[in-house]
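Novice: Pasting a predicted model and its sequence here:
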Amino acid sequence: MKAAIRYEYCAPDLLEIARVTLPRLGEDEILVKVKATTVNRTDCGVLTGKPWAIRLFIGLFKPVRPVTGTDFAGIVVDKGNNVDQFEVCDQVYGFYDQGLSSHAEYVAVSTKKAILKKPENVTFEQAAASLEGAHYVFYFLKDLKLNAGDRILINGGTGAIGNAALQFLKHFNVRVTVTCETEFVEVLKSQGAERVIDYLKENFTTINEQFDYVFDAVGKSSFGKCKPLLKPKGIYISSELGKNWQNPFLALISPLMIGKKVKFPVPYSAKRSMTFINKLISNGEFVPLIDRKYRFEDIAEAYRYVQSGQKKGNVVITFD
Ligand SMILES: NC(=O)c1ccc[n+]([C@@H]2O[C@H](COP(=O)([O-])OP(=O)(O)OC[C@H]3O[C@@H](n4cnc5c(N)ncnc54)[C@H](OP(=O)(O)O)[C@@H]3O)[C@@H](O)[C@H]2O)c1
């Protein structure tokens, strides 16, 4: 089969499409013919081994898995002896942030990982695009005590994380103000944003309004800059560590702070997030934003685009 492969942490230019043998199937595994996968920000970390902390999970000196890819949607073509929850021909999708080797024509995945049957009303491309950003959003929002009518400001509504957050928050009837560039103002309004701030025309940190939560989904701001936007007991969340890795530290000392606080949720089991995501894509409450689509052969180009930090939602890789 064809697979995107590298043996060292590297830039996209050194990622090769090579012919490799089909993965050998374990007793608890299914073999899936991949119909769609994505290149996402987690993939960029897995490819390059940066930030360095990621190597603690995917290989200290070189990648444990030479084939890249963290998500897939496809069709089961074979199964191990111990697998009873999936059958050949089932349409499935799955995600694992430490790598699944799914940038390939076939992927063998343990059924202990986060895999679900794909809802029939959702395409393979949508299913693959509904995973990475949404997984993180599930954990960023999970422990907030969201009430209908609460106000939240999302910085970066066109990112995979920010856009999934906007749609998830609609599910909780929360009032969302969101930032993006001019071209996407109407798109985000149509997705349920109450107010859209064009960040090319207005600096969101200077608006004279207050929110229960500020979620910096692109990590371009800071607690200090966003503090005036928070109500007296408001909470700041960021998807990034911060310029000086201050966000986890501030979250740690937050219980000692009076009033405004910082949370830095750490995502874990994708099984939990996928159960929630599956419900929302099945009933149409979450439709992942898809930007460019690339042929599998052009995957290095897809990586370069995602690394630019300019993708809108998700970048999909197709095989046919
Ligand atoms: N904490 C975690 O576990 C975790 C996991 C995954 C990712 N992350 C981090 O979370 C961040 C977001 O990830 P993502 O996948 O959502 O990113 P992404 O899809 O690559 O997001 C980029 C988007 O953000 C927009 N954007 C960039 N600067 C902006 C600004 N100043 N104001 C408003 N919008 C802006 C871009 O639009 P324009 O091109 O129009 O500017 C683009 O649409 C990344 O920094 C990533 O490294 C964290």
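Specialist: Ah, there it is. Residues are numbered from 1 along each chain as shown.
Novice: Quickly note the distance from residue 296 to residue 154.
Specialist: 32 Å (CB to CB, to the nearest Å). Quick note: C-beta positions are derived from backbone N, CA and C, even for glycine.
Novice: Name the nearest residue to residue 184, sequence neighbours excluded.
Specialist: residue 158 (5.1 Å; CB to CB, 6 or more residues apart in numbering).
Novice: first to last residue in stretch 293-313, what's the distance?
Specialist: 12 Å (CA to CA, to the nearest Å).
Novice: anything in it near the ligand?
Specialist: Yes: using CB under 6 Å from any ligand atom, stretch 293-313 reaches the ligand at 309, 310, 311, 312.
Novice: Between those residues, which sits nearest residue 243?
Specialist: Lowest distance from residue 243 to the residues of stretch 293-313 next to the ligand (CB to CB) belongs to residue 309, with 15.5 Å.
Novice: and that closest one, what helix or strand is that in?
Specialist: Residue 309 is part of no helix or strand when elements are defined by DSSP states H and E.
Novice: same deal with residue 300?
Specialist: helix 299-307.
Novice: any idea how far the ligand is from residue 93?
Specialist: Separation of residue 93 from the ligand (CB to the nearest ligand atom, to the nearest Å) stands at 18 Å.
Novice: Could you measure from that residue over to residue 250?
Specialist: 35 Å.
Novice: Would you mind telling me which of these two has the busier surroundings?
Specialist: Legend: neighbour count by other CB atoms under 10 Å for residue 93 and residue 250, higher for residue 93 (30 against 19).
Novice: So which elements touch the helix or strand encompassing the more buried one?
Specialist: Using DSSP H and E, residue 93 sits in strand 91-95. Packing partners of strand 91-95 (3 or more CB pairs under 8 Å, 6 or more residues apart in numbering; DSSP states H and E): strand 71-79, strand 114-117, helix 124-129, helix 270-282.
Novice: Ok, which of those comes nearest residue 145?
Specialist: Here helix 270-282 is closest among those (CB to CB), at 16.8 Å.
Novice: Would you mark the buried spots in the closest one?
Specialist: By 16 or more other CB atoms under 10 Å, the buried positions in helix 270-282 come out as 270, 273, 274, 276, 277, 278, 280, 281.
Novice: Give me the number of neighbouring residues for the nearest residue to the fifth one once chain neighbours are set aside.
Specialist: Which is residue 277. Among residues not flanking residue 277 along the chain, residue 134 sits closest, at 4.9 Å (CB to CB, 6+ apart). By the measure other CB under 10 Å, the count of residues near residue 134 is 26.
Novice: got the contact list for residue 134?
Specialist: 160, 164, 168, 273, 277, 286, 288 (CB atoms under 8 Å, 6 or more residues apart in numbering).
Novice: what about the second one, which helix or strand?
Specialist: Read that as residue 164. Following DSSP H and E, one finds residue 164 within helix 160-171.
Novice: what's in contact with that helix?
Specialist: Contact with helix 160-171 is made by 40-41, 130, 132-134, 136-138, 140-141, 146, 152, 154-157, 176, 178, 188, 191-193, 215, 217-218, 239, 280, 285-289, 311-314, as judged by CB under 8 Å, 6+ apart.
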